[in-house]
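In: sequence-free structure coming up:
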C-alpha cells in the first residue's frame, strides 16, 4: 500500500495539469447543477416568488415570512409527523429485515448467493413503476393484497388502503420497505464478510453457541456498518417522491404526504414557489445533518 | 468469516432445508413483480375478477397491443432513451476523468471534493426541482431534453465519482509507471492504459446511470410540460393518475418499461452488487 501511494504521489506531482482539469470539470458541473440550485433555493426561500414575478431576477425580500407561512400551514405539521413516521418505520424495517436476510443468506446452502442477488430485482425497478404496481396491489375491490389477507383470515372486510386516511401512510410505507430492503441487505452482507474468521473460531473453542456468537461477535462488529446503512436508508427515504406520488399523491388529506412532496405541491400546484423553497430548505438541513453523521461513521470505520 | 459462518450448517438435510426456505423467501418477495407480468397478460374481464386469479387463465397479449396502438408507448419509450443515453454519456465522460483525478491527485483539495460529491449526491431531486425550474426558465431550458439531461446527469455524476474512485485505486501504480517510462504522457496513460483496465467498473457505472436516468420522474415532470417530450415514467403516471385505471394496460405499459432494466440487471447482477457495496461503504 505504501509503495503504491508513493508511486501515485510521483505521478501526481509530475504532470498534474490534466488531472486538475479533470477534477475541475466534474466539480464545476456539480457546483453549477446541484450547488447553485441549493443556494438559489435558499435565496428564493426569503423572497416573495409567485407566478406573477417568476421571471423577474430581482424579487421582494420578505425575510422569514415564507418559513412562517409554511409553519402555520396546517399541512406542514401533519407532513412533518408523516415524514418522521415514514422514515423511522423504513429505517427500522429495512435495516432489521435486511440484517435478518443477510444473516440467513450468509449460510452455506446451494443457491444462497444467486437467491440473494435475485432479491435485488425489486430495487432496480424504477420507483414510479413500483408505485404503480403497489397501487394496483392495494386496490380496494380487485387488489391482491385484500384478497390474500382475507384468505389468510387476517382481515374480515376489504381495507381501503389508499383512500382511508388512517391506513394510507401504512400502505406507502409497506411499498417503500419492499422497494428498499434488498439494498440494505446487500450492504449489511458486505459488512458481514469483513468480520475476521478467527474471532468465530476462538469463540467456538470457548464453547459459544450460535446465539452467543451472534450477540457477542457479529452484532458488535457489525454495528458501524448498521449505523452507516441506517443513515443511507434515512437519506434515500427522505428522498421518496415517485413512489408516493404514484400511489396516493400524498392524500387523502395529506395523510400520506411527506416533505419533498409538499414542497413540490406548494411550488407546482399552488404556485407558492417561495413557500415551496422554504419547505425545501428546511428539508435540506435535515438531510445535511444525516449526511454529516454518515460521513463521520464512514471515516471512523475506515480508520478503525 | 463467510467460511466459518457456513461451516456451522452441518448436515445435508439442513442445507436442503435452507435452500427450500431461501427459494420460498425469494418467491414470496418477488411476487409483486410476478403480479405485474401476470396482470399484463390477463383479459380486461379477468383483471376485474373477484376473487383475482393468481395464474392467468387465458393469457393474452391484447393489453400490449392496445397500449402500443393507442397510448403512444413508442414515443414515450423513445423520449426515455433520448434522456437516458445522453445522461449515460455525460456521466461516463466526466465521471471517468473526474474520479481518476480524485484517485491520483494528492492535495488537500481531494478531501473537500470528495465530501462535496458525497453530500451533493444525497439532495432529493424533488427539492431541487423548484430552483431548477426557475433557473432553467431564465435560461430557456424548459421543455428541452438538454435541460432534463443536465439536471439528471448531476445526480449520476456525483454517484459515479463516489463509486469509481476506490476502483481506480486498485489499478497498480507500476503499470502507469511503466507506461511513463515508455514515454507516454498523462493523457495517453489514462486513455490507452488505465481506461481499458477500468472497462468493467465503467460498464457497471454506465448501466447504473442509464437505469437511474431511464427511471427519472421528477425532472421530466417539472421541466417538460409538452406532452410530446415526456418520457415513459410521466406517461405511466398520467395513466394511473385517474381514479379509475385499466390495470391490464397499465401493467402492460409498466412491463414494457421495466423489462430492459430487469434484463440489464440479470446480465450484470454480480458486478452491480460489487460496485454498489464498494461505493456506499468505502
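Out: Looks like it came in fine. Here the structure is a predicted model, which is why all the values come from computation and not from measurement.
In: who's in contact with residue A:288?
Out: By CB atoms under 8 Å, 6 or more residues apart in numbering or on different chains, the residues touching residue A:288 are residue B:119. The C-beta positions use only the backbone N, C-alpha and C, and glycine is treated the same way.
In: Next, the contact list for residue B:229, please.
Out: B:79, B:143, B:144, B:145, B:220.
In: And the pLDDT at residue A:255?
Out: On pLDDT, residue A:255 comes in at 93.
In: Mind checking which of the contacts of residue B:229 land in helices?
Out: When the contacts of residue B:229 are checked against helices (DSSP state H), the matches are B:79, B:145, B:220.
In: Surely the last one is in contact with residue B:234?
Out: Right, the one you point to is residue B:220. Yes - if you go by CB atoms under 8 Å, residue B:220 and residue B:234 touch, sitting 5.2 Å apart.
In: Name the residue in the two with the higher neighbour count.
Out: The neighbour count for residue B:220 versus residue B:234, taken as other CB atoms under 10 Å in any protein chain shown, is higher for residue B:220 (25 against 20).
In: State the pLDDT value of the more buried one.
Out: Model confidence at residue B:220, expressed as pLDDT, equals 96.
In: A helix includes residue A:161, no?
Out: No - counting by DSSP: H, G, I helix; E, B strand; the rest coil, residue A:161 is not found in a helix; it is coil.
In: Name the nearest residue to it, sequence neighbours excluded.
Out: Nearest residue to residue A:161, sequence neighbours excluded (CB to CB, 6 or more residues apart in numbering or on different chains): residue A:138, at 3.7 Å.
In: Residue A:170 too?
Out: Of all residues not flanking residue A:170 in the chain, residue A:161 sits nearest, at 7.9 Å (CB to CB, 6+ apart).
In: What of residue B:209?
Out: Spatial nearest neighbour of residue B:209, chain neighbours left out: residue B:156 (3.7 Å); criterion: CB to CB, 6+ apart.
In: Using neighbour counts, pick out the buried residues of the host helix or strand of that neighbour.
Out: If you go by DSSP states H and E, residue B:156 is part of helix B:145-168. Buried residues in helix B:145-168, counting neighbours by 16 or more other CB atoms under 10 Å in any protein chain shown, are found at B:145, B:147-168.
In: which helices and strands does it pack with?
Out: Counting contacts by 3 or more CB pairs under 8 Å, 6 or more residues apart in numbering or on different chains; DSSP states H and E, helix B:145-168 packs against helix A:17-30, helix B:73-104, helix B:108-122, helix B:125-138, helix B:199-214, helix B:218-223, helix B:247-281.
In: go with 6 Å
Out: In terms of contacts (3 or more CB pairs under 6 Å, 6 or more residues apart in numbering or on different chains; DSSP states H and E), helix B:145-168 is packed against helix B:73-104, helix B:108-122, helix B:199-214, helix B:218-223, helix B:247-281.
In: Need the winner for burial among those helices.
Out: Among those, the stretch with the highest mean neighbour count (mean count of other CB atoms under 10 Å in any protein chain shown) is helix B:218-223, at a mean of 25.
In: circling back to that earlier point, show me which of the ones in helices among the contacts of residue B:229 is closest to residue A:75.
Out: residue B:220 (25.4 Å; CB to CB).
In: wait, what's in contact with the closest one?
Out: Shown in contact with residue B:220 (CB atoms under 6 Å, 6 or more residues apart in numbering or on different chains): B:148, B:230, B:231, B:234.
In: and with 10 Å instead?
Out: The contact partners of residue B:220, by CB atoms under 10 Å, 6 or more residues apart in numbering or on different chains, come to B:79-80, B:83, B:145, B:147-148, B:151-152, B:229-235, B:237.
In: Which member of those is positioned nearest chain A?
Out: residue B:233 (4.6 Å; CB to the nearest CB).
In: Which other helices and strands does the host helix or strand of the closest one contact?
Out: Element membership of residue B:233 [criterion: DSSP H and E] is helix B:232-240. For helix B:232-240, the packing partners by 3 or more CB pairs under 10 Å, 6 or more residues apart in numbering or on different chains; DSSP states H and E come out as helix A:127-137, helix A:242-247, helix B:73-104, helix B:218-223, helix B:247-281.
In: Let me have those in TSV, adding distance to residue A:85 as columns.
Out: Below are the helices and strands packed on helix B:232-240 laid out as TSV (distance: least, CB to CB, whole Å):
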stretch	distance to residue A:85
helix A:127-137	18
helix A:242-247	13
helix B:73-104	33
helix B:218-223	23
helix B:247-281	25
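In: Those helices: which one's closest to residue A:268?
Out: Among these, the nearest to residue A:268 by CB to CB is helix B:218-223 (6.2 Å).
In: Report the buried residues of stretch B:123-137.
Out: With burial defined by 16+ other CB under 10 Å, the residues of stretch B:123-137 counted as buried are B:123-136.
In: Please apply the same query to stretch B:39-46.
Out: B:39, B:40, B:41, B:42, B:43, B:46.
In: How about the contacts made by the last one?
Out: When contacts are counted by CB under 10 Å, 6+ apart, residue B:46 is found next to B:39, B:52, B:53, B:56, B:57, B:58, B:59, B:60, B:248.
In: In ChimeraX, how would I select just the buried ones from the residues you listed?
Out: Buried residues among these (16+ other CB under 10 Å), as a ChimeraX selection:
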select /B:39,52,56,248
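In: Cross the contacts of residue B:46 against helices and list the overlap.
Out: B:39, B:248.
In: and chain A, which of the contacts of residue B:46 reach it?
Out: Restricting the contacts of residue B:46 to those touching chain A (CB under 10 Å from any CB of the partner chain) yields B:39, B:52, B:248.
In: May I see the residues you listed arranged in a markdown table, with pLDDT as well?
Out: Listed next are these as a markdown table, based on pLDDT from 0 to 100:
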| residue | pLDDT |
| --- | --- |
| B:39 | 94 |
| B:52 | 87 |
| B:248 | 91 |
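In: Just the closest of these to residue A:175, please.
Out: Among the ones next to chain A among the contacts of residue B:46, residue B:39 lies closest to residue A:175 (CB to CB), at 16.1 Å.
In: And for the closest residue to residue B:187 other than its chain neighbours, the neighbour number?
Out: Ranked by CB to CB, 6+ apart and with sequence neighbours excluded, the top spatial neighbour of residue B:187 is residue A:18, at 5.8 Å. Residue A:18 has 16 neighbours, counted by other CB under 10 Å.
In: can you check the one 3 residues further on too?
Out: Residue A:21: 12 surrounding residues under other CB under 10 Å.
In: Could you pull up the contacting residues of it?
Out: Residue A:21 neighbours (CB under 10 Å, 6+ apart): B:97, B:101, B:186.
In: Got the phi and psi for the residue nearest to residue A:170?
Out: Dihedral pair for residue A:161: phi -50, psi -50, per degrees, to the nearest 10.
In: what's the distance between it and residue B:69?
Out: Note on residue A:161: its distance to residue B:69, by CB to CB, to the nearest Å, is 32 Å.
In: Ok, residue A:131 next?
Out: Taking CB to CB as the measure, residue A:131 and residue B:69 are separated by 25 Å.
In: same question, residue A:203
Out: Using CB to CB, residue A:203 is found at 65 Å from residue B:69.
In: higher neighbour count, the two?
Out: Counted by other CB under 10 Å, residue A:203 and residue B:69 do not tie: residue A:203 has more neighbours, with 16 against 9.
In: buried stuff in the helix or strand where that one lies?
Out: If you go by DSSP H and E, residue A:203 is part of helix A:197-205. For helix A:197-205, the neighbour count (16+ other CB under 10 Å) marks A:199, A:200, A:203 as buried.
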